[in-house]
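Asks: Structure, please.
(one chain, ligands or ions: 2)
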Amino acid sequence: MGHGELRGVVALDGPSGTGKSSVARRLASTLGARYLDTGAMYRAITLAVLRAGVDLADPAEVTRVARAATLVQGTDPERSTTHLDGADVGVEIRGPEVTLAVSPVSAVAEVRALLVAEQRRVIATALDDAGGIVVEGRDIGTVVAPDAALKVYVTADAEARAARRAKQDAASGRASTLDATLADVQRRDAYDSTRAVSPLRAADDAVVLDTTSLDLAGVLAALLALVDEHGLLAQPSGRVHG
Ligand SMILES: Nc1ncnc2c1ncn2[C@@H]1O[C@H](COP(=O)(O)OP(=O)(O)OP(=O)(O)O)[C@@H](O)[C@H]1O
Ligand SMILES: Nc1ccn([C@H]2C[C@H](O)[C@@H](COP(=O)(O)O)O2)c(=O)n1
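Replies: Ligands and ions are numbered 1, 2, ... in the order given. Predicted coordinates:
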């Protein structure tokens, strides 16, 4: 059965491993919308900082590298791409070095200001071109798109998230133990939700979706129902459902 097309912005926020990227991409694809992975953008800037060899604890140096970087984040849900200074870095930004360093880099206020401005530009372009976009990250409903038509805060138990991440690492040939993965998930949760600038939190008007006992199809079904309930589906002609 066709679902219609998304009109407006759907913001998905939540901690690591809750399934935001997987379901955001599927949701956008199902509804003919664009998809923006803001975590990939923080990861790409982190890669630039690591390559430059600057001290992660020096915000001025981190900002200098971020300003000099050319970052292009694609919005095709079938093929989400990240280019840094003209090169595809989609694989490199998922590696352990970037994952370890991304929290301090994304805590730098000037880095966030640069990326939030770029994210808003991408969202405006996608709305003009396609009418709808699914955006996922940590501060989408609170900072990047506070007027989003639908905000969902996706959660899951840390153990379930670590198990998912360990399985994903194994499938992509990265060695990791469940304990180490759980420790990394908890470390990033703590860092991301206690930083001074735009900490991870649910927007006051977000719907909270706990995915601990849902599979991906169940999460997608729940999101499709929320999109429909919020009146965000249009027929391809552009007519919005009543
Ligand atoms: N509900 C679910 N059931 C089973 N596996 C899931 C579920 N949600 C996500 N996964 C799996 O967990 C892994 C992590 O999911 P995903 O990358 O989408 O999470 P995320 O919230 O975007 O994390 P991050 O913010 O760190 O990018 C993936 O391998 C994905 O297939
Ligand atoms: N809107 C966002 C998106 C991401 N971050 C930071 C915090 C995460 O630990 C890191 C990597 O994100 P992921 O790829 O795991 O989704 O980037 C943020 O601060 N704000």
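
Asks: Only C-alpha atoms from now on, for both contacts and neighbour counts.
Replies: Fine.

Asks: Do I have it right that Arg120 meets Ala145?
Replies: Yes: using C-alpha atoms under 8 Å, Arg120 is in contact with Ala145, at 7.4 Å.

Asks: More neighbours: the two, which one.
Replies: Set Arg120 next to Ala145 and count neighbours by other C-alpha atoms under 10 Å: Ala145 wins out with 19 against 14.

Asks: Mind pulling up the pLDDT for that one?
Replies: Ala145 is assigned a pLDDT of 98 by the prediction.

Asks: repeat for Gln235
Replies: pLDDT recorded at Gln235 is 80.

Asks: show me what contacts the nearest residue to it once chain neighbours are set aside?
Replies: Among residues not flanking Gln235 along the chain, Gly4 sits closest, at 4.9 Å (C-alpha to C-alpha, 6 or more residues apart in numbering). Residues in contact with Gly4, defined by C-alpha atoms under 8 Å, 6 or more residues apart in numbering, are 31, 233-236.

Asks: Would it be right to say that Thr18 lies in a strand?
Replies: No: read with DSSP: H, G, I helix; E, B strand; the rest coil, Thr18 is coil and lies in no strand.

Asks: Residue numbering should commence at 171 henceforth.
Replies: In the new numbering, first residue 171, that becomes Thr188.

Asks: since we're on it, how many residues are nearby?
Replies: For Thr188, the count of nearby residues is 25 (other C-alpha under 10 Å).

Asks: Check Arg221 too.
Replies: Neighbours around Arg221, by other C-alpha under 10 Å: 10.

Asks: go on, the one 10 residues further on?
Replies: Taking other C-alpha under 10 Å as the criterion, the count of residues near Glu231 is 16.
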